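Q: From the sequence below, what's the structure:
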Amino acid sequence: MDATTDAEYLTDCAPPRHRHQVGALSIVGAWVFYFALNTVRMAIAGAEHQLAMSGRRAAVTIFGMALMAALYFVVRTVDRARMPVRLAVAFAASLPVAFAHAAFNYYAFYVYAPIDFWPQEIQHMIAVHETPLISIVDTAAEWYFFIAAWAVLYIALSNAEQTRQAEAQAARFRAQAQTAQLRALRYQLNPHFLFNTLNSLSTLVLRRNPEQAEQMIGTLAAFLRATLTTDPTEDATLADEIRIQRLYLDIEQVRFPDRLRVCIDIPDRLLDARIPCLLLQPLVENAIKYGVARATSPVTVTIAASGENETLHIRVSDDGPAMPIPIAGHGVGLRNVAARLLTRFGTASGCTAGARPEGGYRVDLHMPLWRDATHAA
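A: Here you go, the predicted structure:
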């Protein structure tokens, strides 16, 4: 993992900044609702001294926001705990907040610069409550449910946010896993091919055939450049894929000059169809390994394609000697191709394989017929 990826991973794992915004907005929203509701209610009731009362109510509202902000940070400390623990902390922490708010509310309305003509509702409260403590306890009991309800609301919002973040992170991990899987599948270049190619070059040098050796080196360089510089998560046109397979087959024809025949049957109208890059490489390798290398007479390796009903069909086959089924190496190549198709196209694709009645082996692929990069994952 490079430095950029590490930084992205640390950013993804950090607490989301907008979670604080959710808490702040819920606090402001709750207290603005309280202020507006009580102001409208007192105005409808025709209470006197609305301007003075609104000022005191605003002070109580701001103090309530500060208390609830403190409650927010207390509840946040158990964000990762189990739900019963989070609820217990929320209910317990709401109690002192309710008492603190009730005490400030009593001070703001009853102690600080009393108004000569109190609204009827406040006169009633003074008459009912015998002592300040009873008044504060009664008010705290009423406000406790409001404050605890906000704490539960925050826990619900936080839980929803955590669920959304977990789903987003899981989606990122799935995408990273898919990319890693594509890279792992794509880079299974058969090492025997390189060994055999180097042996063929050595043979050409010993036979003093420098021109053919030079041509083979150039072809090998072009093939390796094409296979190692392409992005395994990208698609390639069928024309580009066939060009790479021709390079590979040109190299193998040096090894089997009298046994390998190549037939490419691709209609021009399908050359711009897009498939996962190097999808055909394991299939062509298998045709060489199990068809040509084991034969004593010429073998034709055929790559053919057709398209119908928005589906692209590709066949890689050979007419070499019959081979036992299954063959472990061949199975790995087929599983490689099948896994890449499933990862890229899902159930809209498929891979079937088997011996040909007339001899040899064939692999049939089908996938959606896409012609441009707008469908890229």
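Q: what about the helix or strand harbouring residue 40, average pLDDT?
A: Using DSSP states H and E, residue 40 sits in helix 18-44. The average pLDDT for helix 18-44 rounds to 75.
Q: Can you name the element that comes right after it?
A: helix 50-76.
Q: returning to what we had before: between helix 50-76 and the helix holding residue 40, find me the angle.
A: 150 degrees (axes from the mean of the first three to the mean of the last three CA atoms, to 10 degrees).
Q: Now find how far off-centre helix 18-44 is within its chain.
A: Relative to its parent chain, helix 18-44 has a centroid offset of 37 Å by CA atoms, centre = their mean, to the nearest Å.
Q: which strands and helices sit next to it?
A: Using 3 or more CB pairs under 8 Å, 6 or more residues apart in numbering; DSSP states H and E, the elements in contact with helix 18-44 are helix 50-76, helix 132-186. The way it works is simple: take the backbone N, C-alpha and C, and place the C-beta from them, glycine included.
Q: rank these by pLDDT, which is bottom?
A: Taking the mean pLDDT of the helices and strands packed on helix 18-44, helix 132-186 comes last: a mean of 76.
Q: chain center to it: distance?
A: Going by CA atoms, centre = their mean, where helix 132-186 is centred and where its chain is centred differ by 20 Å.
Q: Let me know the angle separating it from helix 18-44.
A: Going by the same axes, to 10 degrees, helix 132-186 makes 150 degrees with helix 18-44.
Q: Can you list the helices and strands that helix 132-186 packs against?
A: helix 18-44, helix 50-76, helix 83-106, helix 328-345.
Q: what is the orientation angle of that helix with helix 83-106?
A: Here helix 132-186 runs at an angle of 140 degrees relative to helix 83-106 (the same axes, to 10 degrees).
Q: now for the helices and strands packed on helix 132-186, which one comes closest to residue 162?
A: helix 18-44 (8.6 Å; CB to CB).
Q: And that closest one, what's buried?
A: Neighbour counts using 16 or more other CB atoms under 10 Å place 19, 22, 23, 26, 27, 30, 31, 34, 35, 39, 42 of helix 18-44 among the buried residues.
Q: out of those residues, who's nearest residue 102?
A: residue 34 (13.6 Å).
Q: Setting the sequence-adjacent residues aside, check what's closest to the closest one.
A: residue 61 (6.4 Å; CB to CB, 6 or more residues apart in numbering).
Q: so what's the one you found up against?
A: 31, 32, 34, 35 (CB atoms under 8 Å, 6 or more residues apart in numbering).
Q: next SSE after the strand or helix carrying residue 200?
A: Under the criterion of DSSP H and E, residue 200 resides in helix 191-206. Next helix or strand after helix 191-206 toward the C-terminus (DSSP H and E): helix 210-229.
Q: partners of the next helix or strand after that next one, with directions?
A: Remark: after helix 210-229, the chain's next helix or strand is strand 235-237, criterion DSSP H and E. Sheet partners assigned to strand 235-237 using DSSP bridges are listed as strand 274-276 (antiparallel).
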